[in-house]
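1. Provided below are the primary sequence and the corresponding predicted coordinates.
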Amino acid sequence: MQQVFKRPVSLKDVQTHFCPGCHHGTIHRLVADALDLFGVQERTIGVASVGCSVFLYGYFDIDVVEAPHGRAPAVATGVKRARPDSFVFTYQGDGDLAAIGTSEIIHAANRGEDITVIFVNNTTYGMTGGQMAPTTLVGQKTSTSPYGRDQAKDGSPIRMAELLAQLGGVAFSARVAVDSPKHLMEAKKLIREAFGYQAQGKGFSFVEVLSSCPTNWGATPLAANARIASELIPYFPLGVFKKVEAS
Amino acid sequence: MSKRLFVKGNEAAAMAAIEAGCRYYFGYPITPQSDIPEYLSRELPKLSGEFIQAESEVAAINMLLGASACGVRAMTSSSSPGISLKQEGISYMAGAELPGVIINISRSGPGLGGIDASQSDYFQAVKGGGHGGYHIPVLAPNSVQEMYDLTMHAFDLADIYRTPVMLLGDSVIGQMKEALLPNPRPGRELPEKGWAVRGKGGAEQRVVKSLFLGDGELEAHNWHLHAKYQVMKEKECLSEEHDSCDATLLVTAFGSVARIAHTAVAMAREGGLKVGLFRPVTLFPFPQPALARAAGRAGRVLVVELNTGQMVEDVRLSVGAGVQVSFYGRPPGAGSLPSPEELFEVIKKQYQQASQ
């Protein structure tokens, strides 16, 4: 009998600490699949950020550097410049990347650092208990926007994949979702494509992944999953926003 | 034998970094240290090194963190307001036990303050400027030659103790031109960097982190860091003394102010006053045993600083109960750097009081 589906070798055989219905485990798997595909596990250095994703090193069987909140793209810059032959990715949430780390992500992208950034957008701060994030939708209630996000006072949710696509150093910028088998397959393909840009040394690659946080959304895993399609995707459209053609 | 050069203190530090094998620099422009990034932006590319002008001091220190995690020698430099921004990264590096050299050509504050010589960041440097109760070695050069020699020493200390190390100077030391003998790199024995990330390469996973959540883990980690500080205190104190053997008044100062104090002490000696100078070269670890000995002999210490009293606290903690400690200081800013003559007058007054 042939085994047709198995754990990626870049992932450890351990249980995660993530809440029921959380998509981090799914996204970890998609990233590990891509590392396996390119056969780069042994020369990969992951950069963990602050938030639920900080425990990256507990689940990926790769070398990992832990970055201060929001600074993962700067840390990854130092790593990649010091070891240009390594495969470097950051894995960051929306508070980390789109609020406290806005400066670091924009400038690493603009320099065209040869790294891949996986941006997990679940429209809230998960680890700290569901506060308003820069990606929180207008009207969305969180523990620090109890009356709903007010566009007049809090501004509009930031569309990072489109924003970064404007920058010269960016080779690839896309947004995917992990709420349905169809979207998962597309996400898997585009995450692979992003890592492919790094494999070819073509510059900065970025994938925003729309995902759920059932615990902080106060929803069941199924209801949270459904919200990605009904509320997130209409505001954060899926697709590829920049793609430097292969030379 | 090397040729004597005539260079600025900032350039001397940059040259020493290259001699020490540093090929990675990350920084952000700020007066009065910009000669360092300017020099390295010119020289590092010739050596296949990497120079990045970062988007901020915050990014620069985190680039240093990333490069250092890979096991290479790397550095950043800045001045006081920029060093404040770097404190987050310095704390993370101290926590993750990452080597790295940070040159602080400090300026006056608080806030934007001014660009004049200053010693107002002594506390920030030696007491752990970021969160979490750590220490890093702090070296205080008082000449262009020491900017060179102590920069190389800083890289060795960083690797030996797996810690960020700070060089604390000011515009007097950074901008002044003096003769420099570019001494060769010291042959200190350095540990292997088996902890550095490089991609597993078939080996066990390596993780560079400062998060310790398991029961007792963080306490044990902090005791481990504390033990390192104790070893530093035993082994790495550096200080210099002039005319201290028979002195009845021991002037104590560091960095640029120690140079001025040295001249004032020489003037006092010419006038027949038994005055000596004690200059801490390492501010952390503070050279407590040497100072306690010299101060014990003199019985009286005059601390001079370009601030309203910071190192004087460590002096008071270092000397015996029988030693009288007095302080002369001025807040840093344009025109507040005392002249040797002014200091001589202060010394004379103190000396006469002591003799009464």
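-> Everything's here; your move. Numbering: from 1, shown residues only, chains lettered A, B, ... in the order given.

2. would you list the phi and psi of the closest residue to residue B:278 other than its chain neighbours?
-> Distances taken as C-beta to C-beta, 6 or more residues apart in numbering or on different chains place residue B:252 nearest to residue B:278, at 4.6 Å, with adjacent residues excluded. Where C-beta positions appear, they are placed from N, C-alpha and C, glycine not excepted. The phi/psi pair for residue B:252 (degrees, to the nearest 10) reads phi -120, psi 120.

3. I figured residue B:252 hits residue B:276, correct?
-> No: using C-beta atoms under 8 Å, residue B:252 is not in contact with residue B:276, being 9.5 Å away.

4. these two: which is more packed in?
-> residue B:252 (29 against 24; other C-beta atoms under 10 Å in any protein chain shown).

5. run through the bridge partners of the more buried one.
-> Beta-bridge partners recorded for residue B:252 (DSSP bridges): residue B:278, residue B:303.

6. then residue A:209?
-> Here residue A:209 sits in beta bridges with residue A:120, residue A:176, going by DSSP bridges.

7. and what of residue B:77?
-> Per DSSP bridges, the residues bridged to residue B:77 are residue B:103.

8. do the helix or strand that contains residue B:89 and chain A come into contact?
-> Assigned by DSSP states H and E, residue B:89 belongs to helix B:80-96. Yes: using C-beta under 8 Å from any C-beta of the partner chain, helix B:80-96 comes into contact with chain A via B:88, B:89, B:92, B:96.

9. residues in contact with the second one?
-> Okay, so that is residue B:89. A:68, A:71, B:58, B:61, B:62, B:64, B:65 (C-beta atoms under 8 Å, 6 or more residues apart in numbering or on different chains).

10. dump the residue contacts of the residue lying closest to it once chain neighbours are set aside.
-> Spatial nearest neighbour of residue B:89, excluding adjacent residues (C-beta to C-beta, 6+ apart): residue B:61 at 3.1 Å. Residues counted as contacts of residue B:61 (C-beta under 8 Å, 6+ apart) are B:26, B:76, B:85, B:86, B:88, B:89, B:90, B:93, B:102.

11. rerun that using 10 Å as the cut-off
-> With contacts defined as C-beta atoms under 10 Å, 6 or more residues apart in numbering or on different chains, the neighbours of residue B:61 are A:68, A:71, A:74-75, A:78, B:26-28, B:54, B:76, B:78, B:82-83, B:85-93, B:100, B:102, B:164.

12. cool, and residue A:189?
-> Per C-beta under 10 Å, 6+ apart, neighbours of residue A:189: A:30, A:34, A:174, A:176.

13. residue contacts, the nearest residue to residue A:85 once chain neighbours are set aside?
-> Leaving aside its sequence neighbours, residue A:85 sits nearest to residue A:43 (C-beta to C-beta, 6+ apart; 6.6 Å). Taking C-beta under 10 Å, 6+ apart, we find residue A:43 in contact with A:35, A:62, A:63, A:83, A:85, A:86, A:87, A:88, B:198, B:199, B:200, B:201.

14. let's see it at 6 Å
-> A:86, A:87, B:199 (C-beta atoms under 6 Å, 6 or more residues apart in numbering or on different chains).

15. can you check residue B:139 too?
-> Applying C-beta under 6 Å, 6+ apart, the residues contacting residue B:139 are B:150, B:154, B:167, B:282.

16. for it, what are phi and psi?
-> phi -110, psi 140.

17. what about it, distance to residue B:282?
-> 6 Å (C-beta to C-beta, to the nearest Å).

18. confidence score at residue 177?
-> Here I'm looking at chain A. pLDDT, residue A:177: 98.

19. to clarify, I was referring to chain B.
-> Reading off the model, residue B:177 has pLDDT 98.

20. please verify my assumption that residue B:58 contacts residue B:86.
-> No: Residue B:58 lies out of contact with residue B:86 (C-beta atoms under 6 Å); the separation is 7.2 Å.

21. coming back round to it: which of the contacts of residue B:139 fall in strands?
-> B:167, B:282 (DSSP state E).

22. and the buried ones among the contacts of residue B:139, selectable in PyMOL?
-> A single PyMOL command suffices to select whichever of these are buried according to 16 or more other C-beta atoms under 10 Å in any protein chain shown:
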select buried, chain B and resi 150+154+167+282
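
23. what residues does chain A have near chain B?
-> With C-beta under 6 Å from any C-beta of the partner chain as the criterion, chain A meets chain B at residues A:42-45, A:57, A:61, A:63-66, A:68, A:71, A:74-75, A:77-79, A:81-83, A:86, A:103-104, A:107.

24. hmm, 8 Å instead?
-> Residues of chain A lying near chain B (C-beta under 8 Å from any C-beta): A:41-45, A:47-48, A:54, A:57, A:61-68, A:71, A:74-83, A:86-87, A:103-104, A:106-107, A:111.

25. show me the residues you listed that map onto helices.
-> When DSSP state H defines the helices, the subset of these inside them is A:57, A:74-82, A:103-104, A:106-107, A:111.

26. any idea which of the residues you listed is closest to chain B?
-> residue A:78 (2.6 Å; C-beta to the nearest C-beta).

27. now the closest one: closest residue in space that isn't a chain neighbour?
-> residue B:66 (2.6 Å).

28. strands along chain A, start to end?
-> For chain A, the strands defined by DSSP E cover A:44-48, A:63-66, A:87-93, A:116-121, A:124-125, A:131-132, A:170-177, A:204-210, A:239-243.

29. for the second one, packing partners?
-> If contacts are counted by 3 or more C-beta pairs under 8 Å, 6 or more residues apart in numbering or on different chains; DSSP states H and E, strand A:63-66 sits against strand A:44-48, helix A:56-59, helix B:57-69, strand B:207-208.

30. could you check how far the residue nearest to the spatial centre of chain A is from residue B:274?
-> Centrality entry for chain A: nearest residue to the mean C-alpha point is residue A:119, 2.2 Å, by C-alpha atoms, centre = their mean. Here the criterion is C-beta to C-beta. By it, residue A:119 lies 69 Å from residue B:274.

31. same check, this time on residue B:138
-> To residue B:274, residue B:138 is 31 Å away according to C-beta to C-beta.

32. out of these two, which sits in the busier spot?
-> Neighbours per residue, other C-beta under 10 Å: of residue B:138 and residue B:274, the larger number sits with residue B:138, 27 against 16.

33. that one against residue B:166, yeah?
-> Yes: counting by C-beta under 8 Å, residue B:138 touches residue B:166, with 4.8 Å between them.

34. now for these two: what residues contact both?
-> Counting by C-beta under 8 Å, 6+ apart, the common neighbours of residue B:138 and residue B:166 are residue B:125.

35. can stretch B:53-60 be found next to chain A?
-> Yes: counting by C-beta under 8 Å from any C-beta, chain A is contacted by stretch B:53-60 at B:54, B:55, B:56, B:58, B:59, B:60.

36. which of the contacts of residue B:89 sit farthest apart?
-> Pairwise distances across those (C-beta to C-beta) peak at 12.0 Å, for the pair A:68 and B:64.

37. from chain B, which residue is nearest to chain A?
-> For chain B, C-beta to the nearest C-beta, closest residue to chain A: residue B:66, 2.6 Å.

38. report the buried residues of stretch B:223-237.
-> B:225, B:228, B:229, B:232, B:233, B:236, B:237.

39. how many neighbours does residue 12 have?
-> No chain specified, so I'll use chain A. 17.

40. sorry, I should have been clearer: chain B.
-> 31.

41. elements contacting the host helix or strand of it?
-> Here residue B:12, judged by DSSP H and E, is contained in helix B:9-19. With contacts defined as 3+ C-beta pairs under 8 Å, 6+ apart, the packing partners of helix B:9-19 are helix B:35-43, strand B:100-106, helix B:144-161, helix B:171-175, strand B:177-180.
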